[in-house]
Structure formats: structure tokens, C-alpha cells
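Enquirer: The following comprises the amino acid sequence and a computationally predicted model.
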Amino acid sequence: MTHPYIPTRANEPHNRIWFETRPRHLAGRGDPRRITQTLRAAGWKNHSDADYPHVVLASPDYRHTVVLEPEPESYGAWWRIRGESEGHSWYTEFGANAPVEILAALTDALLEPEPEPETTPDIWQALTSAGWTYERDEHGNETAMHPDGTLSLRRWTVAPAERFFWTAEATLSGGGGGRDLLWRASLDDAMPRHLIAAFTTALASDEPVQRGMCDVPHSYLVTQEQRGPQGEQLAVAHEAHLKAVRAAARKARRTAALPTSSGPAPTAAPSAPVRNR
């Protein structure tokens, strides 16, 4: 049976011209399949309601969940991620206009074994090495600011010695000296540090992202040039990425299924003597 062609953005990346867009943190949300299809390729289960406009994914062990649930307000929390590590629960939320390439750095890290603490890169050094300013006040609150002043990362607490929170914000100068919010990410200080480090490293990256001409929420804030990979190239690269994720997931399952005992293999019990009849 031949199915009719139904126009939808799910047919991308073939049906539009792509532009190399920078800075990435002002480039808009991008294609959520960079995250959702990667997690599905890694074996995450789809718990979405087909009659409701959302995506609900859970890791094979149900320790982590990712929910993409569009809100009426585009600056609200569209992405919600919850997890558990060493008996502690944690969460993080991202607004609609947070680029998926930045969020994907965190969700990709969920698929990797948790590294040793001493191997986790320094969170603030990744930003200062990229030219961000850094400040720490007497209460332990820390703030780093992008060179153009439109992106910041804070680790803050309401009262000294209380629980800390992380907030990343992309903002613009507004009327009356205030700031207009483009997107916000809220991270739990209980998150494993390698996840926060993966996110902040992507936050500091100056690599461009591919966007359509009309896909950026504030076109006057970004530079777009018609170059870089186009439809077929983007599709091939994405499929290669998914293939690598599937292979890594299969390898991890095989490794987990191997016997864990390192002792000698048990010897077979001696066979009973054969009696003459």
C-alpha cells in the first residue's frame, strides 16, 4: 500500500537549506531527534502517549528518564531529565530554545560509564579557557559569563552552607536595564559532576551548529552562512552516529552478561563407574 506524503518537519533534514550558525547558544532549539533517537538507539524504552504531544523515554534500568513536553510558553521547561546516582536522586530542566547540541552533551554522557572523580574535567576551567570571566563571592556563589555577555552559568545558594543549585541562562539586554530571557537550564547540585562537566564543556564550545534560515528565534543575534553539511550529508552523519551508539550498547550488554568470577573454572564431577551387567 502506498502511503500519501504528509508534510511534516520530521521529513527533515532533506527538505531545507542549512546554514552554519553561530554562536550556538543563540541558535535555537534544533532537531530533538539528536537526543531522542540517540537514547532509543542505546536501548531506552519509549513510554510516550501517542495521543499526547510529548516524548517519554526511560533507560533500560529505569534509573534515568528524559521527558520532552512542549509548554505553551516557549521559555518554560520543555526538557526534564531525572536520574539516580549512588542512591541520590537528581533532576535538570531545559527551556525550549536551549540548543539540542548543548543538551545532547549531557544525555550522551548518561550512556557512558561513570568515570572516576579524579578524571572529571574542571567545570570552571572549561569556561575560563574559552574566555569567560569567573567570580566567587564570600558565600561560595560562583558565576561565569560568556565574553559577549549573553550567556552565564551560576552555582548559587539562597543561604550560606545550604543546598546549591546551578543555573545557565541566555539573556539579552532589556528595557530599564533588565535582561530578557531566551532560555534557561536548571541543574541539581546532586548530579554527578561528570554530567555537569559535559554540559558546561558544550556550553563553552564555539563550534557552529546547522540551522535553517527561519529556525533561529532571533536572527539578528546570530551569523548564518550557507555552508557546512546539507540534507543528505546530515542524514548520513546522524545515521552513522546512531549505528555507533547501537554497537556500543550491544557491546555493553555482552560485557555485562559475561561471568564476573575470576577464579578457576569448576571441574566436572567424575562420572559414575559403569557396572557390568
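Expert: Ah, there it is.

Enquirer: so where do the strands sit in the protein?
Expert: 18-22, 45-46, 55-58, 65-68, 77-85, 88-95, 133-136, 142-145, 151-156, 165-173, 179-188, 209-212, 223-225 (DSSP state E).

Enquirer: who touches the nearest residue to P60 once chain neighbours are set aside in this structure?
Expert: Excluding its sequence neighbours, the residue lying closest to P60 (Cβ to Cβ, 6 or more residues apart in numbering) is G43, at 5.0 Å. Just so you know, the C-beta spots here come from the backbone N, C-alpha and C atoms, and that holds for glycine as well. If a contact means Cβ atoms under 8 Å, 6 or more residues apart in numbering, then G43 has 59-60, 249, 253 as its contacts.

Enquirer: Spell out for me the PyMOL command that would select the buried members of those residues.
Expert: Buried residues within the contacts of G43, by 16 or more other Cβ atoms under 10 Å, are selected in PyMOL with:
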select buried, resi 59+249
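
Enquirer: Could you find the lowest-pLDDT member of the contacts of G43?
Expert: Within the contacts of G43, pLDDT reaches its minimum at R253, with 88.

Enquirer: For H241, see how far away that one is.
Expert: Between R253 and H241 the computed distance is 19 Å (Cβ to Cβ, to the nearest Å).

Enquirer: Buried residues of the longest helix belonging to the chain, list them for me.
Expert: Determined from DSSP state H, the single longest helix within the chain is helix 231-257. Using 16+ other Cβ under 10 Å as the test for burial, helix 231-257 gives 234, 238, 242, 245, 249, 252.

Enquirer: Against which helices or strands is it packed?
Expert: helix 33-41 (3 or more Cβ pairs under 8 Å, 6 or more residues apart in numbering; DSSP states H and E).

Enquirer: and for the helix it packs on, what are the contacting residues?
Expert: For helix 33-41, using Cβ under 8 Å, 6+ apart, the contacting residues are 46, 55, 57, 59, 66, 68, 100-101, 103-104, 107-108, 110-111, 238, 241-243, 245-246, 249.

Enquirer: Report the contact partners of the closest residue to S205 other than its chain neighbours.
Expert: Leaving aside its sequence neighbours, S205 sits nearest to R24 (Cβ to Cβ, 6+ apart; 6.8 Å). Contact partners of R24, counting by Cβ under 8 Å, 6+ apart, are 99, 101-102, 205-209.

Enquirer: before we move on, the earlier item: what does the model give the residue nearest to P60 for pLDDT?
Expert: 97.

Enquirer: ok, it to G174 distance?
Expert: 44 Å.

Enquirer: do the same with Q224
Expert: 24 Å.

Enquirer: likewise I196?
Expert: For I196, the distance to G174 - Cβ to Cβ - is 28 Å.

Enquirer: same check, this time on L182
Expert: In terms of Cβ to Cβ, L182 sits 11 Å off from G174.

Enquirer: more neighbours, these two?
Expert: Neighbours were counted for L182 and for G174 using other Cβ atoms under 10 Å; L182 has more, 23 against 10.

Enquirer: Any figure for the gap between that one and G28?
Expert: For L182, the distance to G28 equals 9 Å [Cβ to Cβ].

Enquirer: where do the contact lists of those two overlap?
Expert: Shared contacts of L182 and G28, counting by Cβ under 8 Å, 6+ apart, come down to 97, 217.
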